[in-house]
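Participant: need a structure here:
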Amino acid sequence: MKQVLCLFFILVVLFAGCSQSNQNEVTETTHIKIILGGEEVILTKPALLKNDNVYISLEDMDSLPGIKITYNESTGEITAMRNTANLTMQLGQPLKPGDNNGPSPFLNQGVVYLPLRDAIQYLEYNSQQETSPDETIVITLIKLGFDISDLWHPFSTSELSAAEAALAAGVTILDPQGDWASVSEGIQPDGRTDNTHPYPLDFTDVKSVTFGADSQYLYLKVELYDVIPNDVVYWDNTELQKQDFISGMGCNLALMHFFNRNIGRDDTGLIQLGLSYIEGNIWTFLENPVFYTPPVVAISNFATPSGNKDNHNEDIYLVSNSEGRVGGGAGTNYFMAAFPLSNFGLQLGDTIEFNLALEVGSLLFHHECVDVILDCGFKTGETIRYQLGANTYENLGPPNL
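Facilitator: Coordinates of the predicted model:
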């Protein structure tokens, strides 16, 4: 596969000061800056300069696109991964065996620091370093290949703060535990049926949904009754005498009515916030599935039905994209997203009408289970009327079917 090169300019901001570690001078300096995607990176810990090498904290290295890092505190072993690349490091040991004067991970005031350029070259990145006229060190990273984050972008620190503020000022609806809906709609377009006996898996059970808005986004957060597993969960279906597994789940926010300024008239649409353990979609994963580890948090924006259907009898929309931001997922009990209001021709203060439901898919079933928010006996819940940015909503009752 042809590799796609994405150029990131990185500036790291460091504060003056120094400490000692392994008898080598460690300096915090304002003469190193890091910028990512044209924005200043807000590091959780100050970066350090040691023996002319720039070091950043393990946590900050872990936040770079596509990189996942684990640290065994008892053994000092550090494992960094990106796609198929894998780098094993040892605290206090040089990255290159036998290179005793080479850069190595070290502890500074209880924080693990990694040599930025020397480590990242093993993780499908290239890098360049230069010094500007004012003696500022500028490091340029060139990301090789493709990451899931190239499709679905995680919240930056500032974006997450804005999302949390909007959600705190928005609406939270609590949902009972173990209240999966009994959904049986016969044979689905993908040739499978629904599960009439949902599996009692708490990470597929909605505890609450929260929505809010600011001038840019509609935010949605789905909290579950258990932590989302990192690995695929299997279930022995005794009724069918087959082994099943959870392929993913998606919260559908079905926009039943809103005024779309982009087209100058009333409109309908669909917002989807999901989590997938499977690479691909329901039409392709049934044979030889490829698993994501960890599962991917993904979003979709749909607006303005075209009146046409695709090959699977699904509506085709004039607006169809994955723009926005995502958060949460495996290791947490929630997933969340920001959906751009501009896709729907909406502004803060506008009114929308929608309903909510979490649908869970599996190998054997189109719907392994469905958890309806404001359940009224249908696959979709009661209709919510919401003014973007408000902290209350109006319940319009069951949908007009």
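Participant: Show me what stretch 392-401 is in contact with.
Facilitator: 171, 256, 353, 355, 374, 376-378, 380, 382-386 (C-beta atoms under 8 Å, 6 or more residues apart in numbering). (C-beta placed from N, C-alpha, C; glycine too.)
Participant: pLDDT averaged over it - what is it?
Facilitator: Averaged across stretch 392-401, pLDDT comes to 88.
Participant: So for that stretch, what gets flagged as buried?
Facilitator: Neighbour-count burial for stretch 392-401 flags 393, 398-399 (criterion: 16 or more other C-beta atoms under 10 Å).
Participant: how about a markdown table for these, with distance to Glu164 and secondary structure added?
Facilitator: Shown next, in a markdown table, are the buried residues of stretch 392-401 (distance: C-beta to C-beta, whole Å; DSSP: H, G, I helix; E, B strand; the rest coil):
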| residue | distance to Glu164 | secondary structure |
| --- | --- | --- |
| Tyr393 | 19 | coil |
| Pro398 | 32 | coil |
| Pro399 | 31 | coil |
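Participant: mind putting those in a markdown table, distance to Leu240 included?
Facilitator: Shown next, in a markdown table, are the buried residues of stretch 392-401 (distance: C-beta to C-beta, whole Å):
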| residue | distance to Leu240 |
| --- | --- |
| Tyr393 | 40 |
| Pro398 | 33 |
| Pro399 | 32 |
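Participant: List just the nearest of those residues to Ala47.
Facilitator: Among the buried residues of stretch 392-401, Tyr393 lies closest to Ala47 (C-beta to C-beta), at 44.8 Å.
Participant: And the closest one, how far from Gln241?
Facilitator: According to C-beta to C-beta, to the nearest Å, Tyr393 stands 45 Å off from Gln241.
Participant: repeat for Gly76
Facilitator: 47 Å.
Participant: Same question for Gln109.
Facilitator: 57 Å.
Participant: quick one: buried residues of stretch 191-204?
Facilitator: So, applying 16+ other C-beta under 10 Å, buried residues of stretch 191-204: 192, 194-195, 198-199, 201, 203-204.
Participant: Just flag the most distant two among the residues you listed.
Facilitator: Arg192 and Phe203 (21.6 Å).
Participant: Count the neighbours of Glu164 for me.
Facilitator: Glu164 is flanked by 16 other residues according to other C-beta atoms under 10 Å.
Participant: ok so, going back, so for Gly76 and Gln241, which sits in the more crowded spot?
Facilitator: Taking neighbours as other C-beta under 10 Å, Gly76 and Gln241 compare with Gly76 leading, 15 against 7.
Participant: Could you pull up the residues touching the spatially closest residue to the more buried one that is not a sequence neighbour?
Facilitator: The shortest distance from Gly76 to any non-neighbouring residue, by C-beta to C-beta, 6 or more residues apart in numbering, is to Leu91 (3.4 Å). Leu91 is in contact with 76-78, 104-107, 112, counting by C-beta under 8 Å, 6+ apart.
Participant: try Leu224
Facilitator: Neighbouring residues of Leu224 by C-beta under 8 Å, 6+ apart: 202-207, 333-334.
Participant: Can you add secondary structure, pLDDT and distance to Ser300 and give the residues you listed back as TSV?
Facilitator: TSV is the format used below for the contacts of Leu224 (DSSP: H, G, I helix; E, B strand; the rest coil; pLDDT from 0 to 100; distance: C-beta to C-beta, whole Å):
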residue	secondary structure	pLDDT	distance to Ser300
Asp202	helix	97	26
Phe203	helix	97	22
Thr204	helix	97	20
Asp205	coil	97	23
Val206	strand	97	19
Lys207	strand	98	23
Asn333	coil	97	23
Tyr334	strand	97	19
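Participant: got the buried residues for stretch 155-169?
Facilitator: For stretch 155-169, by 16+ other C-beta under 10 Å, it's 155-156, 159, 162-164, 166-167.
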